[in-house]
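>>> Return atomic coordinates for the entry below.
(one chain, ligands or ions: 3)
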Amino acid sequence: MNNRVTLTRFIIEQQANVPDASGTFTMLLSNIVTACKEIAQKVNRGQLIGVLGSAGSENVQGEVQKKLDIITNDIMVNSLNWTGHLAGMASEENDEFISIPPQYKKGKYLAVFDPLDGSSNIDVNLAVGTIFSILRCREGVEPEEGDFLRKGTEQVCAGFVIYGPSTMMVLTTGNGVNGFTLDQGIGEFILTHPNMRIPEETSEFAINMSNQRFWETPVQRYIDECLQGTEGVRGKDFNMRWVASFVAEAYRILTRGGVFLYPWDNRDPKKPAKLRLLYEANPMAFIIEQAGGLCSTGRERILDIKPSGVHQRVPVILGSKNEVQRIVDYHLQS
Ligand SMILES: O=P(O)(O)OC[C@H]1O[C@](O)(COP(=O)(O)O)[C@@H](O)[C@@H]1O
Ligand SMILES: [Mg+2]
Ligand SMILES: [Mg+2]
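Ligands and ions are numbered 1, 2, ... in the order given. The predicted structure follows:
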């Protein structure tokens, strides 16, 4: 007998425990899974199908778009807009939120996503990913921007897919975190990492050190103390990693602990933070907290922030509980 648990079976079994579940959410998630499998195929075939390189355009955030940023966004939008489960969508790659075409029914959920995270890594063949979050919406109506501006605590589901040596999906619906590996042979995600937990202690940090001179004092202090190793107040040596792919950093932390910082900095006064709240920080914060970690701006829990805009950016400090708490304490003391 085959005891492998597919993602589809996992979701259906979880929904069976929810009274009055209509199956809508299960079907929505299944559509996201299909989109991510298609993206995995494109990423994997790379230049064989001519998808690498720049598209020569800019997105709303003034970032140069890669061809794959656009291709993956189209895949997500076109896989989800017809299903009848969504009232609308918002994406990193679209200035305004995305309406459901008039010929299709509007549903009771909103999907927000970063279709290709870490896209600067695509041309150098390093891991990239897709991040998504599902929110509730007033049913059957054309949403307004305000419908998207919900606190992270209100997320119904958050997940990310990492297109690495293996393609994996990490998912939470607020009941722990589970990891699934895509079995290319049968085209199904299989539960391989049940109940992922982040160790509370760590001696590994991830930060873009090239921004050091722009950080605030609490972050300077924390990193200085890590670098002093056994000779400093921490009394132990730290290791450093920086993949420049949020999904890869988060996955590493879920697997072996660690702390990730993309903190506030004063490099560009118009852009004091890099990561976007709705479709990067919030879904990751939900996952990290569900796995026993913490996620903060340094001054505020990410999941408690009331969003002010669909593309709002926030400082992000996440990972092993005791380490994030230490950095938050340094902010409180400053
Ligand atoms: O290039 P930097 O400044 O190190 O920033 C890397 C960060 O930017 C991101 O690539 C932003 O995501 P996008 O690629 O979706 O814009 C994160 O994945 C990563 O953590
Ligand atoms: Mg991103
Ligand atoms: Mg992106």
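>>> How many residues are close by the nearest residue to residue 129 once chain neighbours are set aside?
Distances taken as CB to CB, 6 or more residues apart in numbering place residue 247 nearest to residue 129, at 3.0 Å, with adjacent residues excluded. For glycine as for every other residue, the C-beta is placed from the backbone atoms N, C-alpha and C. Using other CB atoms under 10 Å, residue 247 has 27 other residues around it.
>>> Wait, residue 247 touches residue 116, no?
No - counting by CB atoms under 8 Å, residue 247 does not reach residue 116; the two are 9.9 Å apart.
>>> follow-up on the earlier one: ok, the residue nearest to residue 129 - contacts?
117-118, 127-131, 160-162 (CB atoms under 8 Å, 6 or more residues apart in numbering).
>>> buried ones in the helix or strand harbouring it?
If you go by DSSP states H and E, residue 247 is part of helix 246-256. By 16 or more other CB atoms under 10 Å, the buried positions in helix 246-256 come out as 246-254.
>>> could I get the contacts of residue 247 as JSON lines with secondary structure, neighbour count and pLDDT?
Formatted as JSON lines, the contacts of residue 247 follow (DSSP: H, G, I helix; E, B strand; the rest coil; neighbours: other CB atoms under 10 Å; pLDDT from 0 to 100):
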{"residue": "117", "secondary structure": "strand", "neighbour count": "28", "pLDDT": "98"}
{"residue": "118", "secondary structure": "coil", "neighbour count": "21", "pLDDT": "97"}
{"residue": "127", "secondary structure": "coil", "neighbour count": "23", "pLDDT": "97"}
{"residue": "128", "secondary structure": "strand", "neighbour count": "27", "pLDDT": "98"}
{"residue": "129", "secondary structure": "strand", "neighbour count": "29", "pLDDT": "98"}
{"residue": "130", "secondary structure": "strand", "neighbour count": "27", "pLDDT": "98"}
{"residue": "131", "secondary structure": "strand", "neighbour count": "29", "pLDDT": "98"}
{"residue": "160", "secondary structure": "strand", "neighbour count": "25", "pLDDT": "98"}
{"residue": "161", "secondary structure": "strand", "neighbour count": "28", "pLDDT": "98"}
{"residue": "162", "secondary structure": "strand", "neighbour count": "26", "pLDDT": "98"}
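>>> burial count for residue 123?
Residues lying near residue 123 (other CB under 10 Å) number 15.
>>> no wait, residue 103
By the measure other CB under 10 Å, the count of residues near residue 103 is 6.
>>> Specify the local secondary structure of it.
Secondary structure state of residue 103, per DSSP: H, G, I helix; E, B strand; the rest coil, is coil.
>>> And residue 3, what's its pLDDT?
At residue 3, the model reports a pLDDT of 83.
>>> what about it, is that helix, strand or coil?
Following three-state DSSP, the label given to residue 3 is coil.
>>> okay, stretch 285-294 in PDB with CA atoms only?
Coordinates of the C-alpha atoms in stretch 285-294 are reproduced here as PDB (Å, rounded to 0.1, in the frame of the first residue of the first chain):
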ATOM      1  CA  ALA A 285       6.000  35.900   9.300                       C
ATOM      2  CA  PHE A 286       2.900  33.600   9.500                       C
ATOM      3  CA  ILE A 287       5.000  30.600   8.600                       C
ATOM      4  CA  ILE A 288       7.900  31.500  10.900                       C
ATOM      5  CA  GLU A 289       5.700  32.100  13.900                       C
ATOM      6  CA  GLN A 290       3.700  28.900  13.200                       C
ATOM      7  CA  ALA A 291       7.100  27.100  13.300                       C
ATOM      8  CA  GLY A 292       8.000  28.500  16.700                       C
ATOM      9  CA  GLY A 293      10.100  31.500  15.500                       C
ATOM     10  CA  LEU A 294       9.500  35.300  15.700                       C
END
